[in-house]
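# here is my input; please provide its structure:
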Amino acid sequence: CKYAVVNGSHTVLGEILGGHGKPIIGIPIYDEHTNQIKWAEEKHLGLYAQNRSQIVQAVQKMHTNYEELLDSVKEFSNNFNGNGVDNAAKIVSEVLEEKK
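Numbers count the residues shown, from 1 in each chain. The predicted model follows:
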């Protein structure tokens, strides 16, 4: 598919934007989703929509600006590290070992 419609959860956003390199149309369910989708929109990784007319506008905008969005997502995806939890645990472990 060319893009994904998501709820805005940071896990889903990471998987779709970073792991699969696809722009999104985000439709928030919870308040924190709104912030995450708006962040993605500011970075040109996707579009925000909350009601029927915004969804229609987002789909039209996605088709019109697809290459621009895809370029931004590709750059994000190239810098994405899906092992954030493992990396954080490794860093904490190393810091704790240094302090012994």
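# the spatially most central residue of the chain and residue 39, how far apart?
Centroid check for the chain by Cα atoms, centre = their mean gives residue 13 as the closest residue, at 3.5 Å. From residue 13 across to residue 39, the span is 9 Å (Cβ to Cβ, to the nearest Å). C-betas here are computed from N, CA, C, even on glycine.
# likewise for residue 91?
From residue 91 to residue 39 the distance is 24 Å (Cβ to Cβ).
# quick check on those two: which one has the bigger neighbour count.
Each of residue 91 and residue 39 has its neighbours counted (other Cβ atoms under 10 Å); residue 39 has more, 16 against 10.
# same question for the helix or strand hosting that one: list its buried residues.
Take DSSP states H and E as the rule and residue 39 turns out to sit in helix 31-42. Neighbour-count burial for helix 31-42, counted by 16 or more other Cβ atoms under 10 Å, picks out 33, 34, 36, 37, 39, 40, 41.
# which one of those residues is nearest residue 75?
Of all the buried residues of helix 31-42, residue 40 has the smallest distance to residue 75: 13.2 Å, by Cβ to Cβ.
# need the contact list for the closest one.
Taking Cβ atoms under 8 Å, 6 or more residues apart in numbering as the criterion, residue 40 is in contact with 13, 17, 24, 26, 46, 48.
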